[in-house]
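>>> Predicted model and sequence below, questions to follow.
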Amino acid sequence: MESGHEIIAAQTAETFRWVWLVWLVPLFPAVATILNGLLGRKVIRDRTGQLATFAMLGSLIVSLLCIWDIARTGQPYNVDYFTWIGVGDFQLPFGFYVDQLTAVMLFVVSGVGTVIFLYAIGYMHGHSGYWRFFTYMPLFATMMFLLVLGNSLPVLFVGWEGVGLCSYLLIGYFFDRDYAAQAGRKAFVVNRIGDFGFLLGMLLIYWTLGSLKFTDIFERAPDIYPAGSVMITVITLLLFVGATGKSAQIPLFVWLPDAMAGPTPVSALIHAATMVTAGVYMIARLNLLYCLAPISLLVVGTVGALTALMAATIAVTQREAKRILAYSTISQLGYMFLALGVGAFGAGIFHLMTHAFFKACLFLSAGSVLHALHQDRDVDVFQAGGLRWYMPMTRLTFLVSTIAIAGIPPFAGFFSKDEILFEAFSTGHILLWGAGLFAAFCTAFYMFRLYSLLFSGEFRG
């Protein structure tokens, strides 16, 4: 017979879940932010980068444990830690919600973020504001973790506004340069326009549903909002206004190309793993509401297709490497919204994940080129060339990422893009499919053009 201690141990092993440790994911970078902010200038100094990177590594390890737990059990995890806002009958707890969607986002933010932090240690070495940079960066990660982990719209909104603030600080990192300060202000103002629509949509949800927790929204929405009703259409369109700001869709895309004013690791973090994916994540999280509003879904898909097409054609005409990659990001985000608009939420998130990795690699490779050419802001691709002989590893990583974003099999970009185009075609959205297909050809053209101008031929500098 088993002893009482053995039975208790077996029951504990069955009930223990690694996802209980999810609160550590945002805590690690938050602690790094506090320590670097208070002690970085005088005490920690050049070790602020290592501290921030180890914090992100800790978040990655805990994220992987949570992902394994969700994959093993298949059970979402919802927990309220404390009452955050309590006014009369309005009681809003602060809590986290972890399911398969959250798991994917945790992997993207912590995985890609850790690599970017490690890269930034060398890239930013020697800058006078080194400690300040590695105070802002983990704060950025903390806010993104709150955004994807929040179990209610207000908690998500805290992270939503937090990444907006951090983008302002990091894009304007070189605050003594006019172009950087102006770019930071532009990003901040444009995102406030979108956030006003998001806030109105959130208030309408509370007014009609009486709750802002995701579990309550998912449970009550089908009974409160008839499919295609005016109220659910207005709510989802207002939320989409917020998404157009954060994820740089027509007409609020104008801030993202200027975001290149920040250091290259900032560009990689914003464009690949954090801020610009927030709008895509929000719509995917609230997919039930959007499925009740077919007009809103059509608007999302149409705006996404037009953005993908417009940004791809603009990228063909650009001369600066990072600016080409910026318009490429806008175009790929349009692809993700195209997927969401045709109801292919899984395909949209799949492309979000694949894009995070190859776009981060492209930006970090571009940063390596900037370092080699002693450029601080960007590099004119017509004043480069022939770098394959001098930077073979950078050339190889750039080539692999270019093949991936161009959608050439067997690299990841092919499978995510092909899934989106298949879903658009099979659901009868022929015009959206055509726009997406043409944007895909444009993407392949301008990316191989960029690769050729940087690495092929003779050096033109």
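Arrived safely, thanks for sending.

>>> pLDDT (mean, whole number) over the strand or helix carrying residue 347?
Of the helices and strands defined by DSSP states H and E, residue 347 is found in helix 345-372. Per-residue confidence for helix 345-372 averages out to 91 on the pLDDT scale.

>>> relative orientation of the helix or strand just after that helix and helix 345-372 in degrees?
Heading C-terminal from helix 345-372, the first helix or strand you meet, by DSSP H and E, is helix 392-406. With axes from the mean of the first three to the mean of the last three C-alpha atoms, to 10 degrees as the basis, helix 392-406 and helix 345-372 are set at 150 degrees to each other.

>>> pLDDT on the helix or strand just after helix 392-406, on average?
Read in the C-terminal direction, the helix or strand following helix 392-406 is helix 412-426, with elements assigned using DSSP H and E. In this model, helix 412-426 has an average pLDDT of 93.

>>> and helix 412-426 with helix 392-406, angle?
Counting by the same axes, to 10 degrees, helix 412-426 lies at 10 degrees to helix 392-406.

>>> longest single strand anywhere in this structure?
Among the elements of the chain assigned as strand by DSSP state E, the one spanning the most residues is strand 77-87.

>>> got the contact list for that strand?
Taking contacts as C-beta atoms under 8 Å, 6 or more residues apart in numbering, the residues outside strand 77-87 that touch it are 17, 19-20, 22-23, 69-70, 91-99, 151, 154-155, 215. (C-beta placed from N, C-alpha, C; glycine too.)

>>> now those: which count as buried?
Judged by neighbour count, with 16 or more other C-beta atoms under 10 Å as the criterion, the buried members of the contacts of strand 77-87 are 17, 19, 22, 69-70, 92-99, 151, 154-155.

>>> Which of these sits closest to residue 300?
Within the set of the buried ones among the contacts of strand 77-87, residue 99 lies nearest residue 300; the separation is 21.6 Å, counting by C-beta to C-beta.

>>> so what's that closest one up against?
Applying C-beta under 8 Å, 6+ apart, the residues near residue 99 are 70, 76, 77.

>>> ok, so of those, who is nearest residue 220?
Proximity of the contacts of residue 99 to residue 220 (C-beta to C-beta) peaks at residue 76, which lies at 17.4 Å.

>>> Okay, that closest one and residue 102: tell me how far apart.
Note on residue 76: its distance to residue 102, by C-beta to C-beta, to the nearest Å, is 8 Å.

>>> Neighbour count for those two, which is higher?
Set residue 76 next to residue 102 and count neighbours by other C-beta atoms under 10 Å: residue 102 wins out with 25 against 17.

>>> mind checking how far the closest residue to residue 458 other than its chain neighbours is from residue 455?
Sequence neighbours aside, residue 386 is the residue nearest to residue 458 in space, at 4.9 Å (criterion: C-beta to C-beta, 6 or more residues apart in numbering). Between residue 386 and residue 455 the computed distance is 7 Å (C-beta to C-beta).

>>> Tell me where the model's unsure across the chain.
Low-confidence regions of the chain, defined here as pLDDT under 70, cover residues 1-14, 376, 461.

>>> Longest helix in the chain, please.
helix 178-209 (DSSP state H).

>>> The residue nearest to residue 458: how many residues sit nearby?
Under the neighbour criterion other C-beta under 10 Å, residue 386 is assigned a count of 15.

>>> Isn't it up against residue 452?
No. Proximity of residue 386 to residue 452 does not meet the contact threshold set by C-beta atoms under 8 Å, at 10.9 Å.

>>> give me phi/psi at the residue nearest to residue 458?
When read as degrees, to the nearest 10, the backbone of residue 386 gives phi 70, psi 10.

>>> Enumerate every residue touching it.
By C-beta under 8 Å, 6+ apart, residue 386 lies in contact with 455, 456, 457, 458, 459, 460.

>>> just the buried members of these?
Using 16+ other C-beta under 10 Å as the burial test, those include residue 455 as buried.

>>> Dump the contacts of residue 386 to a markdown table, plus distance to residue 303 and secondary structure.
Formatted as a markdown table, those follow (distance: C-beta to C-beta, whole Å; DSSP: H, G, I helix; E, B strand; the rest coil):
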| residue | distance to residue 303 | secondary structure |
| --- | --- | --- |
| 455 | 35 | helix |
| 456 | 36 | coil |
| 457 | 39 | coil |
| 458 | 43 | coil |
| 459 | 42 | coil |
| 460 | 39 | coil |
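
>>> Next, format the contacts of residue 386 as a markdown table and append distance to residue 233.
Rendered in a markdown table, the data for the contacts of residue 386 read as follows (distance: C-beta to C-beta, whole Å):
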| residue | distance to residue 233 |
| --- | --- |
| 455 | 49 |
| 456 | 51 |
| 457 | 53 |
| 458 | 57 |
| 459 | 56 |
| 460 | 53 |
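
>>> of the contacts of residue 386, closest to residue 311?
Residue 311 has its nearest neighbour among these in residue 455, at 23.6 Å by C-beta to C-beta.

>>> what's the nearest residue to that closest one if we skip its chain neighbours?
Here the residue nearest residue 455, using C-beta to C-beta, 6+ apart, is residue 388, at 4.2 Å.

>>> Could you count how many residues lie near the one you found?
Look at residue 388: counted by other C-beta under 10 Å, it has 17 neighbours.

>>> ok, it touching residue 458?
No. With contact defined as C-beta under 8 Å, residue 388 and residue 458 do not form a contacting pair (11.0 Å).

>>> Against which helices or strands is the helix holding residue 347 packed?
Using 3 or more C-beta pairs under 8 Å, 6 or more residues apart in numbering; DSSP states H and E as the contact criterion, the neighbours of helix 345-372 among helices and strands are helix 100-123, helix 264-268, helix 278-285, helix 321-341, helix 392-406, helix 412-426.

>>> Try it again at 10 Å.
helix 100-123, helix 264-268, helix 278-285, helix 287-291, helix 321-341, helix 392-406, helix 412-426, helix 430-455 (3 or more C-beta pairs under 10 Å, 6 or more residues apart in numbering; DSSP states H and E).

>>> Adding distance to residue 137, write those helices out as a markdown table.
Supplementary listing: the helices and strands packed on helix 345-372 in a markdown table, determined by distance: least, C-beta to C-beta, whole Å:
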| stretch | distance to residue 137 |
| --- | --- |
| helix 100-123 | 6 |
| helix 264-268 | 8 |
| helix 278-285 | 17 |
| helix 287-291 | 31 |
| helix 321-341 | 18 |
| helix 392-406 | 22 |
| helix 412-426 | 26 |
| helix 430-455 | 26 |
